[in-house]
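Q: Just to be clear, the model below is a prediction. Sequence and coordinates:
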Amino acid sequence: MCCVCVCVCVCVVCVCVCVCVSERYRIQSDSFEDMWLVVKELVQRFERHFAKQGVKDFRNSFSGPLPLQEYFLSVDHHFQLRVSAQQYQDLLSERAVQFRAIQRRLLTRFKDKTPAPLQNLDTLLDATYSQVMALAEAAEENRARLEEAFVRLRSSSHLLVLLLALWQGLTPDQTAILEATLLPLLQDTPQLGWEESCDAAVSHLLRTCLSRSSKEQATSLAQGGGAVLGLPRDTERLKKHITLLCERIGKGGRLTLASETNAQQQIPATVHSLVTPGGVEPITEQAGDVEEPALPQEATKFIKKKQPSKKVKKETL
């Protein structure tokens, strides 16, 4: 069996690939996310090369601990920029309200027939305007940095998914589920960001297909729903869930979407008998026509017989 092991190391400035005698390839870089395209291209070239040679038992693998600490640095950097963007937005709103209030007071002074002294309102207006412009420029710069951080975070997530797939030999379907979990958004928005979306997706996997027991899986599916997603206070919960996700995958957890069938087996028998067809005994009916019992003679006198309607013929003149 032909096996090629890929080692990832973040240490030097430039990206280099070293071919060793022991069929191990080491890719080094000072930036974790920059290695994704190189590792992906290397793996694809290995597959094409050995496929042309007709090697059927070739397999790519990754040995060594997952670089979660480097990945979490990208997560924290992106989260801090999101928090800064929210702070800039709040400060801009406050300064804009203050600027409009000063404008109204100045307009009232100018329209008055006997204007009062400005009392440094013009100076305050200029200072507030300068603050608004400075905050707007800082917010725009932070937005550009946030977009760059989001691209780097996506690259880091792609690399982590690739390393997990090489580490545990995941199938294409399982890799697709993992990509949809760690890459839930194509673009960040102020209303919905990557952190809360990824945390919700990872938590769903931990409660369903990667749950500790089938009982926990059935309980989580029965509860359903969830809290409203919003900007979290920190990333500790998210990093804990991602670490737990990697640990359970490393212990042989299966990534699958067919979790409802397994959960149905854990439903109590009393409840399952009511849900499944035939669980409740149907009301048996006697075959054939059953004659209705005759009414007693005393009851017949209360039933009025229908009188035939009399047709009145019109006389023709």
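A: Cool, the structure landed.
Q: any low-confidence regions in the stretch 151-300 of the chain?
A: Applying pLDDT under 70 to the stretch 151-300 of the chain flags the ranges 213-227, 258-300.
Q: Show me the strands in it, by range?
A: Using DSSP state E, counting those that start in this stretch, no strands are assigned anywhere in the stretch 151-300 of the chain.
Q: Isn't L162 up against W36?
A: Yes - look at L162 against W36 with Cβ atoms under 8 Å: they come within range, at 7.2 Å. Heads up, the C-betas are built off the backbone N, CA and C, glycines and all.
Q: now the closest residue to I249 other than its chain neighbours: how far from T256?
A: Take I249 and drop its neighbours on the chain: the residue closest to it by Cβ to Cβ, 6 or more residues apart in numbering is Q168, 5.8 Å away. For Q168, the distance to T256 equals 14 Å [Cβ to Cβ, to the nearest Å].
Q: Tell me which of the two has more neighbours.
A: Higher neighbour count among Q168 and T256: Q168, with 20 against 16, using other Cβ atoms under 10 Å.
Q: There's contact between the more buried one and G250 in this structure, I believe.
A: Yes - judged on Cβ under 8 Å, Q168 makes contact with G250 at a distance of 6.7 Å.
Q: so what does the longest helix anywhere in the chain touch, helix or strand wise?
A: Ranked by residue count, the top helix of the chain under DSSP state H comes out as helix 121-168. Identification of packing neighbours for helix 121-168 by 3 or more Cβ pairs under 8 Å, 6 or more residues apart in numbering; DSSP states H and E yields strand 3-10, helix 36-52, strand 59-62, helix 68-111, helix 172-182, helix 236-250.
Q: Adjacent strands (with direction) for the shortest one?
A: Translated: strand 59-62. Using DSSP bridges, the strands paired with strand 59-62 are strand 3-10 (parallel).
Q: quick one: average confidence on the partner strand?
A: Averaging pLDDT along strand 3-10 yields 54.
Q: Would you mind getting the angle between the longest helix of the chain and helix 172-182?
A: Relative orientation of helix 121-168 versus helix 172-182 (axes from the mean of the first three to the mean of the last three Cα atoms, to 10 degrees): 160 degrees.
Q: and E196, what is it in contact with?
A: 229-232 (Cβ atoms under 8 Å, 6 or more residues apart in numbering).
Q: So which of those is the closest to S197?
A: Nearest to S197 among the contacts of E196 is L229, at 6.6 Å by Cβ to Cβ.
Q: Run a quick check on that closest one versus W194, I expect a contact.
A: No - judged on Cβ under 8 Å, L229 makes no contact with W194 at a distance of 10.9 Å.
Q: what about those two, which has more around it?
A: Using other Cβ under 10 Å, the more surrounded residue of L229 and W194 is W194, with 24 against 14.
Q: In space, what's closest to the more buried one - neighbours in sequence excluded?
A: Nearest one to W194, counting by Cβ to Cβ, 6+ apart, is L185 at 5.5 Å.
Q: surely that neighbour meets E195?
A: No - counting by Cβ under 8 Å, L185 does not reach E195; the two are 10.0 Å apart.
Q: Which one of those two is surrounded by more residues?
A: Higher neighbour count among L185 and E195: E195, with 22 against 14, using other Cβ under 10 Å.
Q: Quick one: residues contacting that one.
A: Listed by Cβ under 8 Å, 6+ apart, the contact set of E195 reads 75, 78-79, 82, 231-232, 235, 238.
Q: next one: H78
A: 146, 149-150, 152-153, 194-195.
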